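1. Would you be able to build a 3D model of this:
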Amino acid sequence: MTVLPLRPITGAHRAATRPARGATGTTGAHRAVAPAVADTPTLAERLERALGSQYKVVRALGAGGYGEVFLVRDLLLHRVLAVKVLRERLAADPQERERFRREARTVAHLSHPGIVPVLAYGETDEEHPLCWTMMPCASGGSLATRLTFNGRLQPVVAARMLVQLCDALAHAHRQGVVHCDLKPDNVLFASGDERPLLTDFGIAALPHHDRGIGAALDVGGTPAWMAPEQRLGLGVLDARSDVYALGMLGWVMLAARLPERTISGRIDRSSMPADVPRALVDVLARALEREPDARWDGAPAMATALERAARPAWRRRAATACDATAAFVRRARRFVRRLRVA
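-> The predicted structure follows:
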């Protein structure tokens, strides 16, 4: 919110408000002087000053416990951007500043159409420190907003989005980056585009060459969406931790609720609507296994399973028959080669 300056008092106002000379018995030497009130700049004003004359802060887009996001217009290139600003109390903490800086550095090395890129980073060392990252404005809203207003998604739509998220995560995993905080709020959409975009790598587990061999792993995120090994701080996080979160996303997309477990610890499938293909439920149930070794071994494997599960039943049967035929041909070729060698 921009604070407008106080309207100056004109001579007419002074004449109307000033007491008549001699009415109070005080002289000019004893006349009280009102203290000057200093205008404190708002966060939007300080950000606009830090960005320079090329950018104009339009309005706030949203706020959370970690920071605030502003809509910014690039006056020279005629584009609309989003600037994420770290909260002042966190910006004053060196560890939080380093964490925010690390997030920008991480995403800057990820170039993928399914990941919101970081265009610039900046910070100031003033009395009120300011740390910010600049990125394209995803004006299509978040997955959380869509689920709130539209309810659950159709199986074909949910499967397509999950496959696209798998593709983006696979790129991050190849760079040694595990997101660690997948949830509907961190999946955005550009205006007029249905492709989901990953954002908020603030607590991502980074490669050793970037953090140092002895760096401690951040245990953060949203508990309800964490893999068991992340929530309990057990073991090293890898791609299978993000696979678990993808299973959570898929379940919420299709059932409009978080998955529940039976007494035996298995996923309770009764909450899944009847129109969701069983093959798709099986893919998500495997992603939600408590033991990492029981899940899909990575995002590409899960994407392949999702694509197959989203097909009509007759196409799944045909694909299964083709796979069986291909496997038989491979075994036959190996057998023939052994005979020739013998």
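
2. Render the CA-only coordinates of the helix or strand hosting residue 229 in CSV, please.
-> Per DSSP states H and E, residue 229 falls inside helix 228-231. In CSV, the C-alpha atoms belonging to helix 228-231 read as follows (Å, rounded to 0.1, in the frame of the first residue of the first chain):
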residue,chain,number,x,y,z
PRO,A,228,8.3,-39.9,5.4
GLU,A,229,12.1,-39.8,5.1
GLN,A,230,12.0,-36.0,4.8
ARG,A,231,9.4,-35.5,7.5
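
3. Quick one: list the elements packing against it.
-> helix 239-255 (3 or more CB pairs under 8 Å, 6 or more residues apart in numbering; DSSP states H and E). (Each C-beta comes from the backbone N, C-alpha and C, glycine too.)

4. The helix it packs on - what's its average pLDDT?
-> This predicted structure assigns helix 239-255 an average pLDDT of 95.

5. Alpha carbons of the next helix or strand after that helix, as PDB, please.
-> Tracing the chain past helix 239-255, the next element assigned as helix or strand by DSSP H and E is helix 278-287. Taking C-alpha atoms only, helix 278-287 is exported to PDB below (Å, rounded to 0.1, in the frame of the first residue of the first chain):
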ATOM      1  CA  ARG A 278      -7.600 -48.300 -11.600                       C
ATOM      2  CA  ALA A 279      -4.300 -48.300 -13.500                       C
ATOM      3  CA  LEU A 280      -3.900 -44.600 -12.600                       C
ATOM      4  CA  VAL A 281      -4.700 -45.200  -9.000                       C
ATOM      5  CA  ASP A 282      -2.100 -48.000  -9.000                       C
ATOM      6  CA  VAL A 283       0.600 -45.600 -10.300                       C
ATOM      7  CA  LEU A 284      -0.200 -43.100  -7.500                       C
ATOM      8  CA  ALA A 285      -0.300 -45.800  -4.900                       C
ATOM      9  CA  ARG A 286       3.100 -47.000  -5.800                       C
ATOM     10  CA  ALA A 287       4.500 -43.400  -5.700                       C
END
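
6. got the buried residues for helix 278-287?
-> Going by neighbour count (16 or more other CB atoms under 10 Å), the buried part of helix 278-287 is 280, 281, 283, 284, 285, 286, 287.

7. Please tell me I have it right and the fourth one contacts residue 252.
-> No - counting by CB atoms under 8 Å, residue 284 sits too far from residue 252 to count as a contact (10.1 Å).

8. ok so, going back, now, which of the buried residues of helix 278-287 sits nearest residue 230?
-> Lowest distance from residue 230 to the buried residues of helix 278-287 (CB to CB) belongs to residue 287, with 14.4 Å.

9. now that closest one, nearest residue through space, not along the chain?
-> Ranked by CB to CB, 6 or more residues apart in numbering and with sequence neighbours excluded, the top spatial neighbour of residue 287 is residue 247, at 3.1 Å.

10. Now do the same contact list for that neighbour.
-> Contact analysis of residue 247 by CB atoms under 8 Å, 6 or more residues apart in numbering lists 259, 284, 285, 286, 287, 288, 295.

11. Go again with 10 Å.
-> Contacts for residue 247 (CB atoms under 10 Å, 6 or more residues apart in numbering) come out as 162, 182, 227, 259, 267, 283-289, 295-296, 302.

12. Quick check: phi and psi at the nearest residue to residue 170 once chain neighbours are set aside.
-> Once flanking residues are discounted, residue 170 sits nearest to residue 299: 4.1 Å by CB to CB, 6+ apart. Per-residue torsions, residue 299: phi -60, psi -40 (degrees, to the nearest 10).

13. and what of residue 142?
-> When read as degrees, to the nearest 10, the backbone of residue 142 gives phi -110, psi 170.

14. That one against residue 190, yeah?
-> No - contact between residue 142 and residue 190 fails when scored by CB atoms under 10 Å: they sit 11.7 Å apart.

15. so what sits against both of the two?
-> 196, 197.

16. Distance from the chain centre to the helix holding residue 229, please.
-> In terms of CA atoms, centre = their mean, to the nearest Å, the centre of helix 228-231 is found 19 Å from the chain centre.

17. just checking, next helix/strand downstream of the helix or strand harbouring residue 165?
-> Element membership for residue 165, per DSSP H and E: helix 155-174. Proceeding N to C from helix 155-174, the next assigned helix or strand is strand 187-189, under DSSP H and E.

18. ok, now how distant is the residue nearest to residue 170 from residue 176?
-> Distance check for residue 299 against residue 176: by CB to CB, to the nearest Å, it reads 14 Å.

19. same check, this time on residue 115
-> Here the criterion is CB to CB. By it, residue 115 lies 15 Å from residue 176.

20. Please identify which of these two sits among more neighbours.
-> Counted by other CB atoms under 10 Å, residue 115 and residue 176 do not tie: residue 115 has more neighbours, with 19 against 16.

21. Report the angle between the helix holding residue 165 and helix 239-255.
-> Interaxial angle of helix 155-174 relative to helix 239-255 (axes from the mean of the first three to the mean of the last three CA atoms, to 10 degrees): 160 degrees.
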